[in-house]
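J.: Below are the sequence and a predicted model; questions follow.
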Amino acid sequence: MTSLLIDRIGLLVTNDPWTGAGPLGILRNAAVLAENGRIAWVGPSGEAPEADERVDADGACVLPGFVDSHSHLVFAGDRAAEFAARMRGEEYSAGGIASTVAATRSASDVVLTANAERLVAEARASGTTTIEVKSGYGLTVEDEERSLRIAASVTRETTFLGAHVVPAEYRDDPDEYAKLVAGPMLDACAPHARWADVFVERGAFDADAAEAILRAAAARGLGLRVHANQLGPGPGVQLAVELGAASADHCTYVSARDLTALSSSETVATLLPAAEFSTRAPYPDARRMLDAGVTVALASDCNPGSSYTTNMPFCIALAVREMGMTCEEAVWAATAGGARALRRSDVGWLTKGSKADLTILAAPSYLHLAYRPGTPLIREVISGGERDGRRGAE
Ligand code: NIG
Ligand code: FE
């Protein structure tokens, strides 16, 4: 049995209102004991039990590791030139995905794996301890299957996104591609995937094709997520709710009907403000969603086209500054909210029995995550009770 005590925590975010004050369950002058990867004890600093190893937080803030419930880390190449063109005034469209598909198909497993590992390490360095990773830049049976194998080597939260866009070779017969995705591609990918996702959008998949693919995935035992209402209003949110998806992601353009559907369901609205930042799109109205009773998560959407960042503190800062979220709501959405979006009850909070995944800030409060944007505020990341950084963000 190995134990690790994090002592002299100035401000501890537990996300457990029964353990501490307010919705973030805040304790002051606290300590946390991790034993065999789990939290075994939380309490006042002076009363902390003995442990094999002790970390002195020296008055800093400690919070649950970020749960990034939406990323696309299996790809090759980058699209910096496309970003620069956008900043000169060109519009973002789903079409740019094709250039990453070409680069990904021609990359070796070694290159794709090294890139995914580099990005997971980068995410971890900014406080992420759980990360979901999608396929979606292969778009052949073989390339999607290997994308998921590579995703599964860096995380257990893997998502089959064969329905990202229709690849060029099926341009004249998109229905045939949708059948391939729901049939042989799903058969090859399901053993490596926990989730299935579809990009429901003009230029990608319509509601009927998406429904057929998602129902086939559900029949194979996969949980569902949907890229919904990103580039314009559409049927994505309604479909996600109807099919009981864990999450409707983006939600940039939502109607009053979409809000009602979300608020009366278990489907989380996962907002991805770094995508709006990077595409100069309007930000989703998080305030309106929260006021309507919708559960909101924040995630990075890390991908080479619309959002090339793994940095959850950046997403928190954007959510607070641009989307009307309070600092508390944004921190909750990036931790407990992400856990809800992945239907995980073991991460996203710090209380007896939860996974010992936590971040020690180089700051006295979580407020600094939005108040001091762009500064390195992560002092140390512990996952599964381990300090040494050998573990990824699973
Ligand atoms: O979530 N919306 C679809 N997929 C990605 C973008 C992928 C790309 O541009 O390469 C997203 O924003
Ligand atoms: Fe995405």
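T.: Structure received. Ligands and ions are numbered 1, 2, ... in the order given.

J.: drop to CA atoms for contacts and neighbour counts, all remaining ones
T.: Fine.

J.: Skip the chain neighbours and tell me the closest residue to the residue of the stretch 51-200 of the chain found nearest ligand 1.
T.: Nearest to ligand 1, among the residues of the stretch 51-200 of the chain, is residue 97, at 4.1 Å (CA to the nearest ligand atom). The shortest distance from residue 97 to any non-neighbouring residue, by CA to CA, 6 or more residues apart in numbering, is to residue 305 (6.9 Å).

J.: where does that neighbour land in three-state SS?
T.: For residue 305, the assignment made with DSSP: H, G, I helix; E, B strand; the rest coil gives coil.

J.: quick one, phi/psi of it?
T.: Backbone torsions for residue 305, taken as degrees, to the nearest 10, come to phi -100, psi -70.

J.: ok, residue 301 - contacts?
T.: Counting by CA atoms under 8 Å, 6 or more residues apart in numbering, residue 301 touches 70, 71, 72, 272, 274, 275, 307, 308, 309, 310.

J.: repeat for residue 9
T.: 28, 29, 30, 31, 45, 56, 57, 58, 59, 60, 61, 62.

J.: in what helix or strand does the second one lie?
T.: The one in question is residue 29. Counting by DSSP states H and E, the element that carries residue 29 is strand 26-35.

J.: Just give me how far the next helix or strand after that strand sits from the chain centre.
T.: Of the helices and strands lying after strand 26-35 in sequence (DSSP H and E), the nearest is strand 38-44. Offset of strand 38-44 from its chain centre (CA atoms, centre = their mean, to the nearest Å): 26 Å.

J.: And strand 38-44, what does it pack against?
T.: strand 26-35 (3 or more CA pairs under 8 Å, 6 or more residues apart in numbering; DSSP states H and E).

J.: Any chance you could list what contacts the strand it packs on?
T.: Looking at what lies outside strand 26-35 - CA under 8 Å, 6+ apart - the contacts are 1-15, 17, 19-21, 39-45, 48-49, 51, 59, 356, 385.

J.: Can you list which of these are found in strands?
T.: Among these, the members found in strands (DSSP state E) are 3-13, 39-44.

J.: near ligand 1, which of those show up?
T.: When these are filtered against ligand 1 using CA under 6 Å from any ligand atom, no residues are retained.

J.: The residue of the stretch 51-200 of the chain closest to ligand 1: which element?
T.: helix 97-105.

J.: after that helix comes which helix or strand?
T.: helix 109-125.

J.: which element follows that following helix toward the C-terminus?
T.: Moving toward the C-terminus from helix 109-125, the next helix or strand (DSSP H and E) is strand 128-134.

J.: which residues does residue 307 contact?
T.: Per CA under 8 Å, 6+ apart, neighbours of residue 307: 274, 275, 277, 278, 279, 300, 301.

J.: ok, of the residues you listed, which one's closest to residue 78?
T.: Nearest to residue 78, judged by CA to CA, of these is residue 278 at 13.8 Å.

J.: Would you check that the closest one makes contact with residue 306?
T.: Yes: applying CA atoms under 8 Å, one finds residue 278 in contact with residue 306, separated by 5.9 Å.

J.: Would you enumerate the residues in contact with residue 123?
T.: Contact partners of residue 123, counting by CA under 8 Å, 6+ apart, are 129, 310, 311, 312, 393.

J.: any idea how far the third one is from residue 279?
T.: Just to be clear, that refers to residue 311. Distance of residue 311 to residue 279, computed by CA to CA, to the nearest Å: 17 Å.

J.: Also the fourth one?
T.: Counting by CA to CA, the gap between residue 312 and residue 279 amounts to 18 Å.

J.: Which of the two has more residues huddled nearby?
T.: More crowded of residue 312 and residue 279, by other CA atoms under 10 Å: residue 312, with 25 against 20.

J.: you'd agree the more buried one is up against residue 66?
T.: Yes: the criterion here is CA under 8 Å, and residue 312 meets it with residue 66 at 7.0 Å.

J.: which residue does the protein bring closest to ligand 1?
T.: residue 305 (3.7 Å).

J.: Can you name the residues that contact that residue?
T.: The contact partners of residue 305, by CA under 8 Å, 6+ apart, come to 78, 79, 82, 83, 96, 97.

J.: Same check on residue 232?
T.: The contact partners of residue 232, by CA under 8 Å, 6+ apart, come to 201, 252, 253.

J.: of all those residues, which comes closest to residue 336?
T.: Nearest to residue 336 among the contacts of residue 232, with distances taken as CA to CA, is residue 252, at 21.1 Å.

J.: quick one, what contacts the closest residue to the closest one other than its chain neighbours?
T.: Excluding the flanking residues, the one nearest residue 252 by CA to CA, 6+ apart is residue 284, at 4.3 Å. Shown in contact with residue 284 (CA under 8 Å, 6+ apart): 250, 251, 252, 253, 271, 273, 323.

J.: Just these: which are in strands?
T.: Using DSSP E, the contacts of residue 284 in strands are 250, 271.

J.: Show the buried residues in the contacts of residue 284.
T.: Buried subset of these (neighbour count, 16 or more other CA atoms under 10 Å): 250, 251, 252, 253, 271, 273, 323.

J.: Residue 379: which of these is nearest?
T.: Set against residue 379, the nearest of those by CA to CA is residue 273 (24.3 Å).

J.: So, low pLDDT: which residues of the stretch 251-394 of the chain?
T.: Scanning the stretch 251-394 of the chain for pLDDT under 70 picks out 388-394.

J.: residues from it in reach of ligand 1?
T.: Contact residues (CA under 6 Å from any ligand atom) of the stretch 251-394 of the chain with ligand 1: 301, 303, 304, 305, 306.
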